[in-house]
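[1] here is the input, now give the coordinates:
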Amino acid sequence: MDFFASLFQDILLPNATGIFFILFALALAAVLLTRKNIRLGLKSLTMPLTGWLQARVPHFLPFKKQESVFNKEICSVLNQARGFRLKGQFTEAKSMYQKVIDKVEIYLDEAAVVFEHEHDDKLVCAQAYLDAGHDCQNRGEFSHALEHYRHSRELTSGADDKSKICHASATSASAFIHHVQGDDESALQEFNQARQVFEQLDEHLGVAGTYKGLARISYVAGHLQDALSYYNSAYSEYVEANDSFGQAQVRLGIGGIYLAQGLTERAQYEFDQAYDIFKSDSNLRGLASTIFNYALLDLDRHKVATALGELQTANVFFTFIESKFEQANAYLLLGQSLIQTMKLDDAEAALEKAYRLYKKMGVSSGLAHVDYSRGNLKLTANKHTLARQYYTKAIERYPNNLSKAQALRSLGNSYFITGDFQLAEQNYRTGLQICMNLNSRKDEAKLRRRLGYLAMVQGNFEEAGMFFNSSLESLTADNPEEKTLGLLYKAMLIIEKCYDISEELTENRKTAFEYHMQSAGEDHHQALRLYIYGRYYLLKGKHFTARECLLTAKSHFELNNQLCWLFRCYYALGKNELESGLINLSAHTRENSLHYLRPGYQLAQQMQCHRATSLFKILIEQLR
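    Have a look, this model is predicted:
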């Protein structure tokens, strides 16, 4: 004790020597603290004490002198980060947020709690909750994000403009989550509430965001013209606000509508315009979204290999910026693409990743898309019972939108393949009614073609012709690919009539040839065109040319396991080709349905292919 008393008297009392010693000690401490290792060591030792002091000391100070952990400097940093986030510049935003994290040693989604407890400005607290909600939403933590948005709205009940804008922003953000979770009624109400506030305050960016949300709801519901109108309104607001990022986002949405309508060239133009804007702004998220849309476009054009590369690139970007919702969408589309390339195990893995992400976020529409895609996978594997179970689950999840119509068409295809024509027609007609109600010309044309083909297979040529004609009439001139398919099917009907009911009319042949000459489509239509040309040249007596066309088409159908078309090629090529072809197919018959075997059996009987007739008879009996 004497030692400490002596030390206090000799050093700590305010004499000249003591003051010099104190200043020297402070200077030495400052030098030492500049050394990172020493600073970190001291920090680990003093953190418990620091935490206790931070919690207790402010209570002993006058209220006005209680400085918030989030002072003005940090609020400024957060505002800068918010600006970067709104522009999609996530790397810069993360850098700004890191400055905040370094200062207060907590993550962004916890920051709002500190704001509310230690900051006396409710608006600043509300903005912090809004930022925290955006961050959680980006990570796919939708329930957490909704909680933050709720806090933000509770703190902004004031009548000043800034509070109203913050409140409306939180409402609009909540609406988006409610929409993707399937609660469109709440989403519509919230988007409209937010839009009214933004319009009163002449806040162009806010108005544009709500129009964009309303467009998305209309698009998913299948009301494409309403969606286009909303997107155009949003675009005008972004132009008024001079916001290039928003304009580019709207262009992606408009391109998506054109793609759904079958207007691929228009869609390509909109995507290109968006890509140029995002590229000039170095906007990573925008570029990833555009690449994702390019993949959709390439899949529609049946360029699957290109689409796969684009999806993998987009997914790398989405993973980097930690956008879980867009990651799930990319995995979903990746799975759908892999199904088309017959990589079924890889497709299943991608769909499982999408399913887990959607389930975690509570996105019911995403779960329905995964069920539909799994149905396609099982259909490709000729597992019709499982395929129908998945299609039925998807149909139950979907509202009466285009996705439901597509699922009904696929379910009908499954019944068509197995020869259950009545059930196939029932599903086709239900899907057709949905498309007619939504005025979706492209999907309506597809279903009319399926009904026409179904009628043709059953020998109802007049009914088939009516469906094929109405399919063409329902399309506009802006749908060249769908027009091409319609013309090809109509040409095929005329050829089938000439062969199957002996209507060897010159006018029919001439009309068929005119249809061929008008038809110009993508590469995957080439085999179908060659088949029809082959049939036509047979009618004209040009057997060598016909055989060349039919053999080339046959190779394509064999490569893609399109057995129904193979039967037609064999039939056109004659008895010898038919018999050898049917026997070669016996290795596949256990994987295929009675629908494929029965016409093969009938052809074998008709052409008196005795070995093939016996083989198919045995196989049909076994499958029964």
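[2] could I get the average pLDDT for stretch 335-351?
    Averaged over stretch 335-351, pLDDT sits at 88.
[3] buried ones in that stretch?
    335-340, 347-348, 350-351 (16 or more other Cβ atoms under 10 Å). (Glycine included, C-beta is placed from N, CA and C.)
[4] ditto for stretch 437-457
    So stretch 437-457, judged by 16+ other Cβ under 10 Å, has buried residues 438, 440-457.
[5] go through these and flag which are in helices.
    Those of the buried residues of stretch 437-457 mapping onto helices are 438, 441-457, per DSSP state H.
[6] and Ala194, backbone torsions?
    phi -60, psi -40 (degrees, to the nearest 10).
[7] what number of residues lie near it?
    Using other Cβ atoms under 10 Å, the number of residues around Ala194 comes to 26.
[8] I'd guessed it sits against Ala168; true?
    Yes. Using Cβ atoms under 8 Å, Ala194 makes contact with Ala168 at a distance of 4.3 Å.
[9] find residues that contact each of these two.
    Gly206 (Cβ atoms under 8 Å, 6 or more residues apart in numbering).
[10] residues contacting Gly286?
    Here Gly286 is in contact with 88, 245, 248-249, 274, 277-278 (criterion: Cβ under 8 Å, 6+ apart).
[11] need the max-distance pair from the residues you listed.
    Within the contacts of Gly286, Gly88 and Ala274 form the most distant pair, 11.8 Å apart (Cβ to Cβ).
[12] so for those two, which sits in the more crowded spot?
    Shown here are Gly88 and Ala274; by other Cβ under 10 Å, Ala274 has more neighbours (26 against 22).
[13] continuing past the helix or strand hosting that one, what's the next helix or strand?
    Secondary structure from DSSP states H and E places Ala274 in helix 264-280. As assigned by DSSP H and E, the chain's next helix or strand after helix 264-280 is helix 284-300.
[14] got the angle between that following helix and helix 264-280?
    160 degrees (axes from the mean of the first three to the mean of the last three Cα atoms, to 10 degrees).
[15] kindly export helix 284-300 (C-alpha atoms) in CSV.
    Only the C-alpha atoms of helix 284-300 are listed here, as CSV (Å, rounded to 0.1, in the frame of the first residue of the first chain):
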residue,chain,number,x,y,z
LEU,A,284,-23.3,-6.5,-62.4
ARG,A,285,-26.8,-7.4,-61.4
GLY,A,286,-28.3,-5.9,-64.5
LEU,A,287,-25.9,-7.7,-66.7
ALA,A,288,-26.6,-11.0,-65.0
SER,A,289,-30.4,-10.5,-65.4
THR,A,290,-29.9,-9.7,-69.1
ILE,A,291,-27.8,-12.8,-69.7
PHE,A,292,-30.6,-14.8,-67.9
ASN,A,293,-33.1,-13.3,-70.3
TYR,A,294,-30.8,-14.1,-73.3
ALA,A,295,-30.9,-17.8,-72.1
LEU,A,296,-34.7,-17.7,-72.1
LEU,A,297,-34.6,-16.3,-75.7
ASP,A,298,-32.2,-19.0,-76.8
LEU,A,299,-34.2,-21.8,-75.3
ASP,A,300,-37.2,-20.5,-77.2
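[16] next secondary structure after it?
    Taking DSSP H and E, what comes next after helix 284-300 is helix 304-320.
[17] buried set for that following helix?
    So for helix 304-320, counting by 16+ other Cβ under 10 Å, buried means 304, 306-308, 310-311, 313-315, 317-318.
[18] output that helix as CSV, restricted to C-alpha atoms.
    The C-alpha coordinates for helix 304-320 follow below in CSV (Å, rounded to 0.1, in the frame of the first residue of the first chain):
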residue,chain,number,x,y,z
VAL,A,304,-30.0,-25.2,-75.8
ALA,A,305,-26.1,-25.4,-75.7
THR,A,306,-25.9,-21.6,-75.9
ALA,A,307,-28.6,-21.2,-73.2
LEU,A,308,-26.7,-23.5,-70.9
GLY,A,309,-23.6,-21.4,-71.1
GLU,A,310,-25.5,-18.2,-70.5
LEU,A,311,-27.3,-19.7,-67.5
GLN,A,312,-24.1,-20.9,-65.9
THR,A,313,-22.6,-17.4,-66.4
ALA,A,314,-25.6,-15.7,-64.9
ASN,A,315,-25.7,-18.0,-61.9
VAL,A,316,-22.0,-17.1,-61.1
PHE,A,317,-23.0,-13.5,-61.0
PHE,A,318,-26.1,-14.1,-58.9
THR,A,319,-24.1,-16.2,-56.4
PHE,A,320,-21.5,-13.4,-56.2
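[19] now for that helix, which elements pack on it?
    helix 284-300, helix 324-340 (3 or more Cβ pairs under 8 Å, 6 or more residues apart in numbering; DSSP states H and E).
[20] and the last one, what does it pack against?
    Contact partners of helix 324-340 among helices and strands, from 3+ Cβ pairs under 8 Å, 6+ apart: helix 284-300, helix 304-320, helix 344-361, helix 364-380.
[21] which residues of the stretch 401-550 of the chain score low on pLDDT?
    476-481, 484-485, 488, 492, 494-525, 539 (pLDDT under 70).
[22] all helices for it, in order.
    Counting by DSSP state H, counting those that start in this stretch, the stretch 401-550 of the chain has helices at residues 402-417, 421-438, 441-457, 461-473, 480-500, 506-518, 526-540, 543-559.
[23] can I get those in a markdown table with distance to Ser218?
    Formatted as a markdown table, the helices of the stretch 401-550 of the chain follow (distance: least, Cβ to Cβ, whole Å):
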| stretch | distance to Ser218 |
| --- | --- |
| helix 402-417 | 12 |
| helix 421-438 | 10 |
| helix 441-457 | 16 |
| helix 461-473 | 26 |
| helix 480-500 | 23 |
| helix 506-518 | 35 |
| helix 526-540 | 35 |
| helix 543-559 | 40 |
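[24] tell me which of those helices lies nearest to Phe292.
    helix 402-417 (17.8 Å).
[25] which residues does the closest one contact?
    220, 222, 260, 365, 368-369, 372, 375-376, 379, 384, 387-388, 391-392, 394-395, 398, 421, 423-428, 430-432, 434-435, 438, 440, 443, 446-447, 450, 454, 593, 595-596.
[26] the inter-axis angle of it versus helix 364-380?
    Using the same axes, to 10 degrees, helix 402-417 lies at 20 degrees relative to helix 364-380.
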